[in-house]
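> Sequence first, then the predicted structure:
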Amino acid sequence: MNISMIKQRAREIARVNKASLSRICLIIGVISAFPSLLDSGNGVMYIIYLIVSALILAVEQGHVVAGLKVVTDREQELSDNDGVYGLVNWIEYVPTYLVKVLVNFVIISIFVAFIVVCSLGSFGGLFALLSDPYRVSPITGVVSGLSALSAILLFVLLFAFAFVMIWVNLRMFAMTYLHQEYGIKGFGALKESFTLMKGHCADLLLINLSFVGWILLCAIISGMIGGVFGDNGIAGLTGSILSAAVAAYTYQPAYITVQALFYKEIAYKFYDEGRI
């Protein structure tokens, strides 16, 4: 797989269709921002906010629909309605997204438990051992040594956590395009994604990392906007919409296009050519 050629082709396609793709991304961003009105800090409202946020993830399918159209020579079919496609057809996509949320929650919970256990007394003992190892009593030395080992284990766990999170999300959830292109839904899509992404996780990771600069820049701008408008109520919603507009008119058109091209490359070889 030639990643540089995929990215170059994606930039060309996105440049030609930037106006339409940017509008679609903006519509999706605006819809995704509305749950912020429910984030009041109140216990019950916060739970409702989390539920609504999880459900509204289906709106992201609009990115998939638009991306597939421009990489399969169906640009003339692009419509602002693509921005609400996932919301209108949410019942088809919510199960997959809920599984994604659940899997990530379980992984995070397991690692948090490990980190809590390993961090108990780790850093205090480590600093004591490193600062003056010759003045530590034998018993204290053993305890400090164990604490130092726990601290090292903690850092190893953090790296392991990052690796597992990235690998699981790339392997299981990257091919949500299956919903739209081949009609494979729910757990079937997760199973097929796991098969399709075998040997390609590193490729997709490199593609995603190539957009880190733009993502960080937009995050900084979004932080500045949030500082001006605040993060609650109508003001917070306005700030979220403006932040979404920044992303929609900068990197998102190219990002969703390169994701669609990446998918098309893998799916074509797997399904249409019959090669695994």
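Structure's in. What do you need?

> Could I get the full set of helices for the stretch 101-250 of the chain?
Ranges of helices within the stretch 101-250 of the chain are 122-131, 138-173, 177-181, 186-196, 201-209, 212-229, 233-248, based on DSSP state H, counting those that start in this stretch.

> Dihedrals phi and psi, Lys198?
Main-chain dihedrals, Lys198, degrees, to the nearest 10: phi -60, psi 120.

> For Ala174, see how far away it is.
Using CB to CB, to the nearest Å, Lys198 is found at 11 Å from Ala174. (C-beta placed from N, C-alpha, C; glycine too.)

> who's more crowded, the two?
In this view Lys198 and Ala174 are compared by other CB atoms under 10 Å, and Ala174 has more residues nearby, 21 against 11.

> contacting residues around the more buried one?
Ala174 makes contacts with 193, 197, 201, 204, 263, as judged by CB atoms under 8 Å, 6 or more residues apart in numbering.

> State the mean pLDDT of stretch 79-98.
Across stretch 79-98, pLDDT averages out at 83.

> swap in stretch 27-34?
For stretch 27-34, the per-residue pLDDT averages 88.

> In that stretch, which of the residues would be classed as buried?
Under the neighbour-count criterion of 16 or more other CB atoms under 10 Å, stretch 27-34 has 27-33 buried.

> Among those residues, find me the one that's closest to Ala10.
Compare each of the buried residues of stretch 27-34 with Ala10 using CB to CB and the shortest gap goes to Ile28, at 18.4 Å.

> Now the closest one: which helix or strand?
Here Ile28 sits within helix 18-33, counting by DSSP states H and E.

> So which elements touch that helix?
helix 61-71, helix 233-248, helix 252-267 (3 or more CB pairs under 8 Å, 6 or more residues apart in numbering; DSSP states H and E).

> low-scoring stretches of the protein, by residue?
1, 39-43, 46, 50, 54, 116-151, 154, 230-233, 272-276 (pLDDT under 70).

> cutoff 90 now
The model of the chain has pLDDT under 90 over residues 1-7, 30-62, 64, 72-73, 75, 83-202, 210, 214-244, 263-276.

> which residue is nearest the middle of it?
Taking CA atoms, centre = their mean, the centroid of the chain lies closest to Asn169, which sits 7.8 Å from it.

> Touching, it and Ile107? I think so.
No - counting by CB atoms under 8 Å, Asn169 stays clear of Ile107, with 9.5 Å between them.

> circling back: which residues touch the residue nearest to the centre of the chain?
100, 104.

> Relative to Thr96, how far out is it?
From Asn169 to Thr96 the distance is 12 Å (CB to CB).

> Same check on Lys269?
Distance of Lys269 to Thr96, computed by CB to CB: 23 Å.

> More neighbours: which of these two?
Neighbour tally, Lys269 and Thr96, criterion other CB under 10 Å: the higher count belongs to Thr96, 24 against 14.

> What sits closest to the more buried one if chain neighbours are left out?
In space, and not counting its chain neighbours, Thr96 is closest to Ala189: 5.8 Å by CB to CB, 6 or more residues apart in numbering.

> wait, the one you found sits on Met172?
No - taking CB under 8 Å as the definition, Ala189 is not a contact partner of Met172, at 9.4 Å.

> which of these two has more neighbours?
Comparing Ala189 with Met172 by other CB under 10 Å, the one with more neighbours is Ala189, at 24 against 18.
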